[in-house]
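Chemist: below is the sequence, then the predicted model.
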Amino acid sequence: VTTHTVVFFIGYRTAEILQNALQDGFDGRLISDGYRVYRAWENRLRCWAHLMRKLRGLAESSDARVAEVGKEMEGLMKTWMAAIYAARIDPPLEGLRIRYAAAIERLRQQCEAHQADDHKVLGSVAREFLYDWKVILRPVNEPHLPLTNNAAEQALRHWVIARYLSHGTRSEEGSRAFALLASVIETCRRREACAWRYLGTVIEAARKGLELPALPAIPATA
């Protein structure tokens, strides 16, 4: 999902799918969850919503030691999140990274201390933070960057429901057709064009053996 274009793929979450999706001219920032395949993409952001859910799970652990660590890490992330939103309205004279240097160092210490923890989930979360340390904290240096991949999640929701109701596709051709139609419809919506009118012109051109029309143009006001 970008500002004016949406592309859907149906397939396994593999490095090959990612390369196929992004290799042809995508020069934007990729925001994702912690799946390791995404780490090959250098210009990347991490979705803080995914991270906060994991920290909330730690904070609610029945193990008091784990819960204490989770609450502290969650509290630090919440503080930075509020500061980032505030900085978008009224940028501070000093950078957020400088202002919260001690707190950032505290989070790193917690992650390093628990990366090999006997508690499987705590150890996994600590390692995840360390693996993606610069990527996770990038918005602290650049507050204008998005903190979540909610735009992609929201664009996906409708089509996930449609797949559930229709019981999915039965062939590779069907999956490709479904993904292409979803991509065209969502892209038209973002470009303020009628998807059904555009698809009608495509079908008409195809029946006449004419060159298929390009996607609707991006609005000039954009």
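Modeler: Everything's here; your move. Treat the numbers as computed from the prediction; the structure is a model and nothing was measured.
Chemist: for the one helix or strand residue 79 maps to, buried residues please.
Modeler: In this structure, residue 79 is located in helix 64-89 according to DSSP states H and E. Going by neighbour count (16 or more other Cβ atoms under 10 Å), the buried part of helix 64-89 is 66-67, 69-74, 76-77, 80-81, 83-84, 87. Heads up, the C-betas are built off the backbone N, CA and C, glycines and all.
Chemist: strands along this structure, start to end?
Modeler: Along the chain, the segments classed as strands by DSSP state E run 30-32, 44-46.
Chemist: residue 169: which of those is closest?
Modeler: Nearest of the strands of the chain to residue 169, taken as Cβ to Cβ: strand 30-32 at 24.7 Å.
Chemist: and the closest one, what other elements does it pack with?
Modeler: strand 44-46 (3 or more Cβ pairs under 8 Å, 6 or more residues apart in numbering; DSSP states H and E).
Chemist: out of the buried residues of helix 64-89, which is nearest to residue 197?
Modeler: Taking those together and measuring to residue 197 by Cβ to Cβ, the closest member is residue 84, at 40.5 Å.
Chemist: re the thing from before, and the strands of the chain as TSV, adding mean pLDDT and distance to residue 201?
Modeler: TSV is the format used below for the strands of the chain (pLDDT from 0 to 100; distance: least, Cβ to Cβ, whole Å):
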stretch	mean pLDDT	distance to residue 201
strand 30-32	88	32
strand 44-46	92	37
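Chemist: pick the most buried one from those strands.
Modeler: Among the strands of the chain, ranked by average contacts under mean count of other Cβ atoms under 10 Å, first place goes to strand 44-46 (a mean of 21).
Chemist: residues contacting residue 152?
Modeler: 1, 31 (Cβ atoms under 8 Å, 6 or more residues apart in numbering).
Chemist: for it, give me the pLDDT.
Modeler: Looking at residue 152, its pLDDT reads 84.
Chemist: kindly provide the distance from it to residue 207.
Modeler: For residue 152, the distance to residue 207 equals 34 Å [Cβ to Cβ, to the nearest Å].
Chemist: try residue 167
Modeler: Counting by Cβ to Cβ, the gap from residue 167 to residue 207 is 30 Å.
Chemist: residue 14 now?
Modeler: Counting by Cβ to Cβ - residue 14 and residue 207 are separated by 37 Å.
Chemist: how about stretch 27-41: buried residues?
Modeler: 30-32, 34, 38, 41.
Chemist: what's the closest of those to residue 192?
Modeler: Distance to residue 192 across the buried residues of stretch 27-41 (Cβ to Cβ) is lowest for residue 31, with 23.8 Å.
Chemist: quick one, what contacts the residue lying closest to residue 215 once chain neighbours are set aside?
Modeler: Nearest residue to residue 215, sequence neighbours excluded (Cβ to Cβ, 6 or more residues apart in numbering): residue 187, at 6.1 Å. Contacts of residue 187 were listed using Cβ under 8 Å, 6+ apart, and they are 4-7, 215-216.
Chemist: many thanks, we can stop here.
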